[in-house]
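Q: Based on what follows, work out the 3D shape:
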Amino acid sequence: TVQGQIYERVYTEPEKMEAVLCYLRLLKKGKRADIDPDSFRSDSYVITLFYSDGQHTTYRQLHSDFLQINDGRWQKIDGAKIELLFL
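A: Coordinates of the predicted model:
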């Protein structure tokens with residue numbers, strides 16, 4: 001399969017970081033989804049939050065339908081548009 005684009009940015013400005021956190025709060029996690037992400041020809045969005053204690057959490061959104069947190073199972077989400085974070 002042909003893969004879509006992967007979008008990555010690094011934000012250190014408090015305003016942009018707050019926008020990312022607000023977006024993550026808006027995502028409504030749903031039922032688990034048994035999908036093969038490699039079968040999608042879709043864009044992928046990756047958000048990694050790094051905490052002051054050295055820990056981190058990675059959110060991976062596939063298309064506008066699926067979310068994976070760290071290495072967990074994929075979950076169906078509402079159609080929220082992450083592209084707004086990358087303007």
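
Q: Can you tell me the element Leu21 falls in?
A: Using DSSP states H and E, Leu21 sits in helix 14-26.

Q: Would you map the strands across this structure?
A: 6-7, 29-32, 44-50, 56-62, 66-69, 75-77 (DSSP state E).

Q: highest average neighbour count across those strands?
A: The highest mean neighbour count among the strands of the chain, using mean count of other Cβ atoms under 10 Å, belongs to strand 66-69: a mean of 19. Backbone N, C-alpha and C define where each C-beta goes, glycine included.

Q: Quick one: closest of the strands of the chain to Glu15.
A: Between Glu15 and those, the shortest separation by Cβ to Cβ is 15.8 Å, and it involves strand 44-50.

Q: just checking, what packs against that closest one?
A: Packing partners of strand 44-50 (3 or more Cβ pairs under 8 Å, 6 or more residues apart in numbering; DSSP states H and E): strand 6-7, helix 14-26, strand 56-62.

Q: just how off-centre is the second one within its chain?
A: Just to be clear, that refers to helix 14-26. 12 Å (Cα atoms, centre = their mean, to the nearest Å).

Q: likewise stretch 51-68?
A: 5 Å.

Q: Repeat that for stretch 20-27.
A: Taking the mean of its C-alpha atoms, stretch 20-27 sits 10 Å from the chain's own mean (Cα atoms, centre = their mean).

Q: buried sites along it?
A: Val20, Tyr23, Leu24, Leu27 (16 or more other Cβ atoms under 10 Å).

Q: Tell me who's in contact with Arg73.
A: By Cβ atoms under 8 Å, 6 or more residues apart in numbering, the residues touching Arg73 are Arg32, Ala33, Asp34.

Q: roughly how far apart are it and Arg32?
A: To Arg32, Arg73 is 5 Å away according to Cβ to Cβ, to the nearest Å.

Q: Kindly provide the distance from Ile77 to Pro14.
A: For Ile77 relative to Pro14 (Cβ to Cβ), the value is 26 Å.

Q: Great, nothing more from me.
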